[in-house]
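Q: Predicted model, plus sequence, below.
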Amino acid sequence: MADAQFTPRVFSGIQPSGGLTLGNYLGALKRFVDIQNAGTHECVYCLVDLHAITVWQDPADLEAQTREAAAFFIASGIDPDRSILFNQSQVPGHAQLAWIFNCVARMGWMGRMTQWKDKAGKNSENASLGLFAYPALMAADILLYHATHVPVGEDQKQHLELTRDIAAKFNHDYGVDFFPITEPVIEGPATRVMSLRDGTKKMSKSDPSDMSRINMGDDADTIAQKFRKARTDPEPLPERYEDLKDRPEARNLVDIFAALSERSTDAVMAEVGGFGWGQFKPMLAELAVEKLSPISDEMTRMLADPAEIDTVLARGAERANAVAEPILRRTYEIAGMVGAEK
Ligand code: TYM
């Protein structure tokens, strides 16, 4: 299917399940801002509260976390006039299209998702049906806007492949060329920010050790301390990035430095090759504080006025709905739902 028939449009989402990390910032938010500022695509960014409740969320906490995530977007540089920013539950089309996709996707496809296996673990009988169907809702998020490109971190790659499979199967089953085969955009030095305690594990809000991650709300001292204590090996930094291949912790810190300083990893190595950790870690901490503190200060400022955030999200939802509604209606019509063509 020729991409030209679709407006260049980006969609991406973040779960407002609390605990935003440097991984979310570098793997997602910072890149969302860059795409918005490049001006090449319409941008639709979503706080996926329906996804969040696939595992238990206290309602009051979910509300607070949704506003916090909205503040994170805006404080990071998303302009709600240029991009569409909203929370998923305010646009009913997400759940409606997800139902259609529940009927397109196969149980076997869902069962192969590594995130399902990781999250449900040995206790899958007790996991919610929503957690199993999660990737079909994600496909609905994307395809409800006929998004052509989806920037995400590496951990979402398999879900995006499934989104392509769902679009292709829908098009094939109904004999249409209706849904785009979306391109994942997984680029840059920080598509997989790793734990500061274990370079083989992703940096994650669910890691029991707070020292494993930088939280978006961490103060300057905490950030400095976490980088100072970050696990490394005894060797100094090499001259060439390739020589970090078998040194996951060291490579992770270099990747974070490159992403924060908006330079290539080769340019970073040209500067820091030969440095010991006593020299490199304080540089990294200083850079992180310089980039992250204004974001957390701005988030604090915005969160003092929750009504203003709610107004922004309501306006975003209205704009999102205007794009989504005709696509949903046409999908229902294709599927033979009487009354959809109205
Ligand atoms: P979520 O909420 O877990 O994460 C949001 C985004 O942050 C990225 N990310 C990371 N990137 C690099 N290193 C890390 N350590 C790291 N941790 C998180 C994720 O890759 C993601 O891009 N299922 C999605 C939310 C979603 C979505 C969508 C995304 C729902 N519908 C449609 C794109 C399109 C999720 O749970 O992301």
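A: Perfect, I can see it now.
Q: and stretch 279-290, average pLDDT?
A: In this model, stretch 279-290 has an average pLDDT of 97.
Q: Same check on stretch 217-224?
A: 95.
Q: Would you mark the buried spots in that stretch?
A: Neighbour-count burial for stretch 217-224, counted by 16 or more other Cβ atoms under 10 Å, picks out 218, 223-224. Every residue, glycine included, has its C-beta placed from N, CA and C.
Q: What is the nearest of these to residue 140?
A: residue 218 (34.2 Å; Cβ to Cβ).
Q: tell me the contacts of that closest one?
A: The contact partners of residue 218, by Cβ atoms under 8 Å, 6 or more residues apart in numbering, come to 226, 292, 296.
Q: For the host helix or strand of the second one, name the packing helices and strands.
A: Which is residue 292. For residue 292, the host element (DSSP states H and E) is helix 277-303. Helix 277-303 is packed against helix 59-76, helix 220-228, helix 248-261, helix 265-272, helix 306-334, with contacts defined by 3 or more Cβ pairs under 8 Å, 6 or more residues apart in numbering; DSSP states H and E.
Q: helices and strands of this structure: which one bottoms out on pLDDT?
A: Of all helical and strand segments in the chain, the minimum by mean pLDDT, DSSP states H and E falls on helix 114-120, at a mean of 94.
Q: and that helix, what does it pack onto?
A: If contacts are counted by 3+ Cβ pairs under 8 Å, 6+ apart, helix 114-120 sits against helix 129-143, helix 157-174.
Q: Setting aside sequence neighbours, what's the nearest residue to residue 310?
A: residue 67 (7.4 Å; Cβ to Cβ, 6 or more residues apart in numbering).
Q: Surely the one you found is in contact with residue 305?
A: No: taking Cβ atoms under 8 Å as the definition, residue 67 is not a contact partner of residue 305, at 9.8 Å.
Q: okay, these two: which has more neighbours?
A: residue 67 (24 against 12; other Cβ atoms under 10 Å).
Q: Also compute the angle for the helix holding residue 292 relative to helix 306-334, please.
A: If you take axes from the mean of the first three to the mean of the last three Cα atoms, to 10 degrees, helix 277-303 sits at 90 degrees to helix 306-334.
Q: And the residue of the stretch 101-250 of the chain found nearest the ligand, how close does it get to residue 106?
A: Using Cβ to the nearest ligand atom, the single residue of the stretch 101-250 of the chain nearest to the ligand is residue 153, 2.4 Å away. Taken as Cβ to Cβ, to the nearest Å, the spacing of residue 153 relative to residue 106 amounts to 26 Å.
Q: Of these two, which one has the most company?
A: Neighbour count, other Cβ under 10 Å: between residue 153 and residue 106, residue 153 has more, with 20 against 11.
Q: Now do the phi/psi pair for that one.
A: Summarising the backbone geometry of residue 153 under the convention degrees, to the nearest 10, its torsions are phi -80, psi 170.
Q: Contacts only, for the residue nearest to it when sequence neighbours are not counted.
A: Nearest non-adjacent residue to residue 153, counting by Cβ to Cβ, 6+ apart: residue 27, 3.2 Å away. Contacts were defined as Cβ under 8 Å, 6+ apart; by that measure residue 27 touches 152-154, 190-193.
Q: Make a ChimeraX selection of whichever of those residues turn out to be buried.
A: Buried members of these can be picked out in ChimeraX with the line below, counting by 16+ other Cβ under 10 Å:
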select :152,153,190,191,192,193
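Q: now the contacts of residue 27 as TSV including secondary structure, distance to residue 183 and pLDDT?
A: Rendered in TSV, the data for those read as follows (DSSP: H, G, I helix; E, B strand; the rest coil; distance: Cβ to Cβ, whole Å; pLDDT from 0 to 100):
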residue	secondary structure	distance to residue 183	pLDDT
152	coil	11	98
153	coil	15	97
154	helix	15	97
190	coil	19	96
191	coil	15	97
192	coil	19	97
193	coil	22	98
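Q: what's the closest of the contacts of residue 27 to residue 181?
A: residue 152 (16.0 Å).
Q: secondary structure class for residue 234?
A: Under the three-state scheme (DSSP: H, G, I helix; E, B strand; the rest coil), the conformation of residue 234 reads as coil.
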